[in-house]
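1. need the 3D shape of this:
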Amino acid sequence: MSKATFKKYFFLFLVPVIVFSIILEVISVFEYVAGIVELQKNQQPVIGAEMIVVLAGSSGRIKPAYDLMIEKNIPVLFVAGTHSAANFEQLAKQYSLDASYKSRIVIDNVSRTTLENAQAAQKFVEDNRIKNIILVTSIYHMERAEFLFRKMLEDLGVQIIPYSTYIKPISPDSWWKNPATLQSVLSEFFKYQYYKLLLSGR
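-> Now for the predicted structure:
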């Protein structure tokens, strides 16, 4: 077979494979969004948890987690992934936290990624023999966060209750038309796929 003929057949094979792969990825993205929409409609009830873990990677998470701690009288609020200089006084000023709850709020200002957040929470959970936690993060971030926390905590037998926060609900019929929503969805989807591959053998 000549080199030109080989190239011809190679590209005839390659193009359908690429097209098929793209179609599969698009289907997977829509399935991922369907999961977000389902979570958005059906928030799990919060009953009898021992600790809240809130991932402080973006705004709009810490205050709802703090309010939930008070409302449900959860013993511990673990704030994961704050900036390195964060302390209770700074968070109290920013989020109007009551100083009487200071002893119940644990601040992790070492972990940076979602995986590191899960590892930091894992150590606290193991040291304090926690058996059920509420995981608070944004609705776009929840599937990846919950996956990583389950991976890190599965050997400890810890129950994880997801509690999503969101400012604007995602529309199942038009989310891709909004550039900001599309960017958030695709960013989270590919990060989620990355961690699934990274931890597939764990």
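
2. please count neighbours and contacts with C-alpha atoms only from this point.
-> Noted.

3. which residues touch L135?
-> For L135, the residues meeting the contact criterion (CA atoms under 8 Å, 6 or more residues apart in numbering) are 52-55, 146, 160-163.

4. now these as CSV including distance to W176, pLDDT and secondary structure?
-> CSV is the format used below for the contacts of L135 (distance: CA to CA, whole Å; pLDDT from 0 to 100; DSSP: H, G, I helix; E, B strand; the rest coil):
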residue, distance to W176, pLDDT, secondary structure
I52, 32, 97, strand
V53, 30, 98, strand
V54, 28, 97, strand
L55, 26, 96, strand
E146, 24, 94, helix
I160, 30, 94, strand
I161, 28, 92, strand
P162, 25, 92, strand
Y163, 24, 92, strand
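
5. name the member of the residues you listed with the most neighbours.
-> For the contacts of L135, the largest neighbour count, defined by other CA atoms under 10 Å, is 28 neighbours, found at L55.

6. now the nearest residue to that residue once chain neighbours are set aside: phi and psi?
-> With CA to CA, 6 or more residues apart in numbering as the criterion, L55 has its nearest non-adjacent residue at 5.0 Å, and that residue is A80. Backbone torsions for A80, taken as degrees, to the nearest 10, come to phi -100, psi 130.

7. burial check on A80, number of neighbours?
-> The burial count for A80: 27, using other CA under 10 Å.

8. please name the bridge partners of it.
-> With beta bridges defined as DSSP bridges, A80 has these partners: L55, D108.

9. how close does it sit to I160?
-> Taking CA to CA, to the nearest Å as the measure, A80 and I160 are separated by 16 Å.

10. over to I170?
-> Per CA to CA, I170 is found 23 Å from I160.

11. again with D108
-> Computed with CA to CA, the distance linking D108 and I160 is 19 Å.

12. so R61 makes contact with M142?
-> No - counting by CA atoms under 8 Å, R61 sits too far from M142 to count as a contact (11.7 Å).

13. which residues are common contacts for those two?
-> With contacts defined as CA under 8 Å, 6+ apart, the residues shared by R61 and M142 are V136.

14. more crowded one of these two?
-> Taking other CA under 10 Å, R61 and M142 do not tie; M142 has more neighbours (23 against 19).

15. so who does that one touch?
-> Contacts here follow CA under 8 Å, 6+ apart; on that basis M142 touches 136, 162, 164.

16. quick one: secondary structure of the first one?
-> By that I understand V136. Here V136 is strand, with the state taken from DSSP: H, G, I helix; E, B strand; the rest coil.

17. please name the nearest non-neighbouring residue to the residue positioned nearest the centre of the chain.
-> By CA atoms, centre = their mean, the chain has its centre lying nearest to A145, at 2.8 Å. Spatial nearest neighbour of A145, excluding adjacent residues (CA to CA, 6+ apart): T114 at 6.4 Å.

18. ok, I130 next?
-> Distances taken as CA to CA, 6+ apart place E50 nearest to I130, at 6.5 Å, with adjacent residues excluded.
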